[in-house]
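Give the three-dimensional model of this entry:
(one chain, ligands or ions: 1)
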Amino acid sequence: MRFDVLTIFPRMIDFYIAESIIKRAIERGLIEIGVTNIRDFASDKHLTVDDYPFGGGQGMVMKIEPLFNALTHVKGGHNKHTVLLCPQGAVFNQDKAMELSQKKDGIVLICGRYEGVDERISLSVDEEISIGDFILTGGELPALVIIDAVTRLLPNVLGDERSSIEESFTSGLLEYPHFTRPAEFMGMRVPEVLMSGNHKEILKWRRRQSLQRTLLKRPELIDETKLTEDDNKIMEQLKEEV
Ligand SMILES: C[S@@+](CC[C@H](N)C(=O)[O-])C[C@H]1O[C@@H](n2cnc3c(N)ncnc32)[C@H](O)[C@@H]1O
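So this is what the prediction gives:
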């Protein structure tokens, strides 16, 4: 999978992708990340990428020509899925991450700055994505959020393929709690079942925990059509306990 990020602050992207799982995925050839400086596509001698808004008002707007030229360059005539990071877009979630992980021709992520980008760029993008109902200074963090979430879902990226399948949201439920050594810390003991070696009981305990956590923390996530008969029995018990 190839990601192309269009930004006027390439080092913000370079910094994050030089560590951890993303770095290893690049080294192992599982993903490629191209970072393009939009400023390199400005045509005037000052390499201007912003200008005053027509109609007046606060702030500056990202000019369309450098952005359009940068986009045309990275797409290189290919059908790469183009995303504009924008607080007005559809809110990103795990389903969207899964959908994007299937975009085999690659994904282009356009990072806005200032008051945003000249509206006419919307004709050249496939979709607008927001990472939540708040305003950030630029699209670089949202682009990294998307790269990170999508990369985890690609084959062979995580050491254990089950990791991404079991994670919160993937199955429509929140994930069960985790513990590691020591078995006791300041009087708090790890649940005995997890140290029992009984894998069947551990699975049952984890499923119950997932259901309980989702019911308590994010009940709106529960899709009853996806619950098994055993899940429904546990849910009945949990509701009685509340
Ligand atoms: C300061 S914001 C512009 C906000 C814009 N004036 C508005 O009110 O909708 C500058 C850039 O940051 C990015 N951005 C800010 N918040 C975002 C969010 N929640 N999700 C995705 N991108 C965001 C976008 O690329 C946006 O063009």
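
for this protein, longest helix please?
For the chain, the helix with the greatest residue count under DSSP state H is helix 199-217.

tell me what the helix or strand following that helix is packed against?
For helix 199-217, the following helix or strand on the C-terminal side (DSSP states H and E) is helix 229-241. Applying 3 or more Cβ pairs under 8 Å, 6 or more residues apart in numbering; DSSP states H and E, we find helix 229-241 packed against helix 199-217. In short, each C-beta sits where N, CA and C put it, glycine included.

Please list all residues in contact with the residue in the chain that the ligand sits nearest to.
Using Cβ to the nearest ligand atom, the closest approach of the chain to the ligand is made by residue 112 at 2.2 Å. Shown in contact with residue 112 (Cβ atoms under 8 Å, 6 or more residues apart in numbering): 62, 84-86, 138-139.

if you set the cut-off to 7 Å instead, what comes out?
Going by Cβ atoms under 7 Å, 6 or more residues apart in numbering, residue 112 touches 62, 85-86, 138-139.

Residue 22 too?
Residues near residue 22 by Cβ under 7 Å, 6+ apart: 147-148, 151.

same thing but at 8 Å, please
16, 31, 33, 147-148, 151.

Quick one: neighbours of residue 81, just the number.
17 (other Cβ atoms under 10 Å).

Can you check the pLDDT for the residue nearest to it when sequence neighbours are not counted?
Nearest residue to residue 81 in three dimensions, chain neighbours excluded: residue 103, at 4.3 Å (Cβ to Cβ, 6 or more residues apart in numbering). Here the pLDDT value assigned to residue 103 is 98.

Let's verify residue 109: helix, strand, or coil?
Classification of residue 109 using DSSP: H, G, I helix; E, B strand; the rest coil returns strand.

who does it bridge with?
Beta-bridge partners for residue 109, by DSSP bridges, are residue 5, residue 83.

Give me the pLDDT value at it.
So, for residue 109, pLDDT stands at 99.

Identify all contacting residues around stretch 229-241.
207-208, 211-212, 215, 224, 227.

which of the residues you listed tops the neighbour count?
residue 211 (22 neighbours).

quick one, what contacts that one?
Applying Cβ under 8 Å, 6+ apart, we find residue 211 in contact with 173, 231, 234-235, 238.

Residue 79 too?
Contacts of residue 79 by Cβ under 8 Å, 6+ apart are residue 105.

Now do the same for it: helix, strand or coil?
State at residue 79, reduced to three classes by three-state DSSP: coil.

what pLDDT does it get?
For residue 79, the model assigns a pLDDT of 93.

Please apply the same query to residue 38.
98.

what's the neighbour count on it?
25.

Phi, psi for residue 151 please.
phi -60, psi -40 (degrees, to the nearest 10).

And it, how far from residue 23?
Distance from residue 151 to residue 23, counting by Cβ to Cβ, to the nearest Å: 11 Å.

higher neighbour count, the two?
The neighbour count for residue 151 versus residue 23, taken as other Cβ under 10 Å, is higher for residue 151 (23 against 12).

give the contact list for the more buried one.
1, 21-22, 25, 30-31, 157.

10 Å instead, please
Residue 151 makes contacts with 1, 3, 17, 21-22, 24-26, 30-31, 33, 97, 101, 157-158, as judged by Cβ atoms under 10 Å, 6 or more residues apart in numbering.

PyMOL command for the buried members of the residues you listed?
Filtering the contacts of residue 151 down to the buried ones (16 or more other Cβ atoms under 10 Å) takes a single PyMOL command:
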select buried, resi 1+3+17+22+25+30+31+33+97+101+157+158
